[in-house]
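> no FASTA, just this:
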C-alpha cells in the first residue's frame, strides 16, 4: 500500500524573480534607452514602458537596457561620445536629405487614356526607384498621403530621423510598353 502521508510543500524560488525589471511609479517597467526611439525618448533617457513592449521589442532589439545605477553611470561617463555619435548620425541624415531634395525619380506604371493607373504606386516602388539611383532607404521612411493612382508629378515626404525630413519629386509616367502598343495600333489603322 502506497504511503499516503502528505509532504510539506517545498518553497520554490520564483525563476522569474531574478529576471524582473525595475517597476516605475506608474506601474510600468523602467528602462534606459541605448538608442533613440521615435515617440518614446532619446538615447540615455530613463523611460517607463509596459512590460510587453520592454520584453518583446526594446530589449530584444538592443534599444534599451535595465535602468540600473551601473548603466546610468556608464551612460553619464560616455555621454560626450554618445552626443558626438548622434551629431554624426544627424549630419549624415541631413546630407542624405539634401541629396534627396535634389533628386527626382521616374516610375513607370500601366495607365489608361485618362491617366488613371491600373494599380497604384506605393512606398515599395519609390524605394526601388531610389535604389536605382544608389540611395537606400526603407519603405516605412516614405510618408505618403495615400497611394498614387494617377499619372503626374508628386512631392513625397521622406522621414529620415526625428528632426530630419526631405521632399522627393516623384514622376509617375505611363510605361513605355503602353506607348509602343498605342503607336503600333495607330500605325496599323
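On my side now, so go ahead. Computed from a prediction, not measured in an experiment: that's the story for all the values here.
> and the residue nearest the centre of the chain, what does it touch?
The structure's the chain has its C-alpha centroid closest to residue 140; by C-alpha atoms, centre = their mean the separation is 5.3 Å. The neighbourhood of residue 140, defined by C-beta atoms under 8 Å, 6 or more residues apart in numbering, consists of residue 123. The C-beta positions use only the backbone N, C-alpha and C, and glycine is treated the same way.
> Flag the shaky bits of this protein, pLDDT-wise.
When the per-residue scores of the chain are filtered using pLDDT under 70, the ranges that remain are 1-19, 177-189.
> switch the cut-off to 50
14-18, 178 (pLDDT under 50).
> how about the strands of it, start to end?
In chain order, the chain shows strands spanning 29-33, 46-49, 64-66, 104-109, 116-121, 142-143, 148-150, 152-159, 165-174, with DSSP state E as the criterion.
> Direction included, what does the third one pair against?
Spelled out, it's strand 64-66. According to DSSP bridges, strand 64-66 has the following sheet partners: strand 29-33 (antiparallel).
> how about the helices of this structure, start to end?
Residue ranges of the helices in the chain, as given by DSSP state H, are 51-53, 69-77, 79-102, 123-132, 176-188.
> sorry, back to before: could you dump the strands of the chain to JSON lines with mean neighbour count and distance to residue 96?
Formatted as JSON lines, the strands of the chain follow (neighbours: other C-beta atoms under 10 Å; distance: least, C-beta to C-beta, whole Å):
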{"stretch": "strand 29-33", "mean neighbour count": "22", "distance to residue 96": "23"}
{"stretch": "strand 46-49", "mean neighbour count": "18", "distance to residue 96": "27"}
{"stretch": "strand 64-66", "mean neighbour count": "20", "distance to residue 96": "26"}
{"stretch": "strand 104-109", "mean neighbour count": "16", "distance to residue 96": "15"}
{"stretch": "strand 116-121", "mean neighbour count": "14", "distance to residue 96": "22"}
{"stretch": "strand 142-143", "mean neighbour count": "16", "distance to residue 96": "14"}
{"stretch": "strand 148-150", "mean neighbour count": "16", "distance to residue 96": "22"}
{"stretch": "strand 152-159", "mean neighbour count": "14", "distance to residue 96": "9"}
{"stretch": "strand 165-174", "mean neighbour count": "18", "distance to residue 96": "7"}
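> Right, I'll call it a day here.
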